[in-house]
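*Asks:* Coordinates for the following, if possible.
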Amino acid sequence: MSSTIDIGERFGCWEVLNNRGKRIPCLCHGCGTEKLIYKSSLKNGKSTSCGCQRRNEPIAAGTQFDRLTVVDGIEIKGKDGQYQVLVQCSCGIQKYVNNNCLLNGLTRSCGCLQKESRRKHGKGKIPSHEYRAWIYIKRVCYDLNHPYYKMYGGCGIKVAPEWQNNFEQFERDMGLAPPGTVLYRIDLEGDFAPGNCQWIERKTHQQHIHQMAVRKTFFPQKNKEILQPQKAKQASLIKDIQKAHASGEANVSKLAAQYGVSTAEVINLLILY
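*Replies:* Purely as a prediction, here's the structure:
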């Protein structure tokens with residue numbers, strides 16, 4: 001495969017809309033969703049769609065997800081607009097569960113498993129630091145409603161299969177977290193996986209974030225073509241983009257297409273002005 005990615009190139013259901021930057025806007029032909037995806041995730045095949053192909057497949061009655069068994073294949077739409085299915089837990093409780101959470105292993109019981117895990121892995125009723133970290137990385141990678149999903153799962157970041165539904169394996173690979181540490185990915189474009197994660201001090205983690213901001217490697221650089229010429233037009237453009245963003249349009253790809261600039265320039269304007 002070529003080292004470059006061309007506009008219009010297809011990777012599974014993704015079609016590349018713009019090839020500038022490490023994270024590029026792509027259109028999912030499965031459902032029409034636009035998202036920013038890391039180029040590396042496209043090249044290595046880690047991201048082939050927004051997940052709609054898997055979500056659109058009906059879950060057959062009798063399918064088992066850990067302690068949960070699907071009662072019937074009838075789906076209902078929840079208050080958040082996502083589909084749910086009726087399941088029965090091994091403890092006897094029936095409840096409706098989000099399809100996406102079932103398929104990605106986020107929901108494995110009616111809640112009884114989490115209570116048991118807290119007793120086992122935490123002190124009293126408080127879950128251990130390692131367990132909270134394990135739950136967190138799964139949430140940001142697979143929970144569409146999580147505020148940080150767009151920064152992780154929405155960009156193709158995943159949790160290693162051997163960790164996804166196995167806390168014990170995660171704990172064996174990572175070991176106990178020293179006090180005051182957080183889980184950190186060594187390669188920020190890589191997955192949460194053995195060999196790419198380590199426990200680092202929270203202070204060091206904050207310094208990494210600060211250094212990235214200072215070097216401006218995390219955020220796009222100023223684009224002279226848009227920031228220098230025609231100051232009147234520039235001011236109007238900035239105002240229009242800010243107004244649209246403040247009105248609730250969070251999709252930078254749509255803003256870029258609407259105002260004829262790149263996604264990097266939209267992010268740049270929102271951050272710097």
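*Asks:* quick one, phi/psi of the closest residue to W199 other than its chain neighbours?
*Replies:* Leaving aside its sequence neighbours, W199 sits nearest to T181 (C-beta to C-beta, 6 or more residues apart in numbering; 4.1 Å). Using the backbone N, CA and C atoms, a C-beta is placed for each residue, glycine as well. Dihedral pair for T181: phi -110, psi 160, per degrees, to the nearest 10.
*Asks:* What residues does T181 make contact with?
*Replies:* W199, I200, E201, R202 (C-beta atoms under 8 Å, 6 or more residues apart in numbering).
*Asks:* For the stretch 51-200 of the chain, which segments count as helices?
*Replies:* Under the criterion DSSP state H, counting those that start in this stretch, the stretch 51-200 of the chain contains helices at 52-56, 99-103, 112-121, 129-142, 161-164, 167-174.
*Asks:* Mind giving me the packing neighbours of the longest strand that the chain contains?
*Replies:* Longest strand of the chain, by residue count under DSSP state E: strand 68-77. Counting contacts by 3 or more C-beta pairs under 8 Å, 6 or more residues apart in numbering; DSSP states H and E, strand 68-77 packs against strand 83-89, strand 94-98.
*Asks:* per-residue confidence for the closest residue to Q84 other than its chain neighbours?
*Replies:* Nearest non-adjacent residue to Q84, counting by C-beta to C-beta, 6+ apart: Y96, 4.2 Å away. pLDDT, Y96: 91.
*Asks:* give me the number of residues near Y96?
*Replies:* 14 (other C-beta atoms under 10 Å).
*Asks:* quick one, what contacts it?
*Replies:* Applying C-beta under 8 Å, 6+ apart, the residues near Y96 are I76, G78, Q84, V85, L86, V87.
*Asks:* cutoff 7 Å now
*Replies:* Listed by C-beta atoms under 7 Å, 6 or more residues apart in numbering, the contact set of Y96 reads I76, Q84, V85, L86.
*Asks:* circling back: nearest to P127 among the helices and strands packed on strand 68-77 would be which one?
*Replies:* With C-beta to C-beta, the closest approach to P127 among the helices and strands packed on strand 68-77 belongs to strand 83-89: 19.6 Å.
*Asks:* the longest helix in the protein is where?
*Replies:* helix 231-246 (DSSP state H).
*Asks:* Buried residues, it. List them.
*Replies:* L237, I238, I241, H245 (16 or more other C-beta atoms under 10 Å).
*Asks:* Now find how far off-centre it is within its chain.
*Replies:* Distance of helix 231-246 from the chain centroid (C-alpha atoms, centre = their mean, to the nearest Å) equals 28 Å.
*Asks:* ok, then the element right after that helix?
*Replies:* helix 252-259 (DSSP states H and E).
*Asks:* any idea of the angle that following helix forms with helix 231-246?
*Replies:* 140 degrees (axes from the mean of the first three to the mean of the last three C-alpha atoms, to 10 degrees).
*Asks:* Before I go, just wanted to say thanks for your time.
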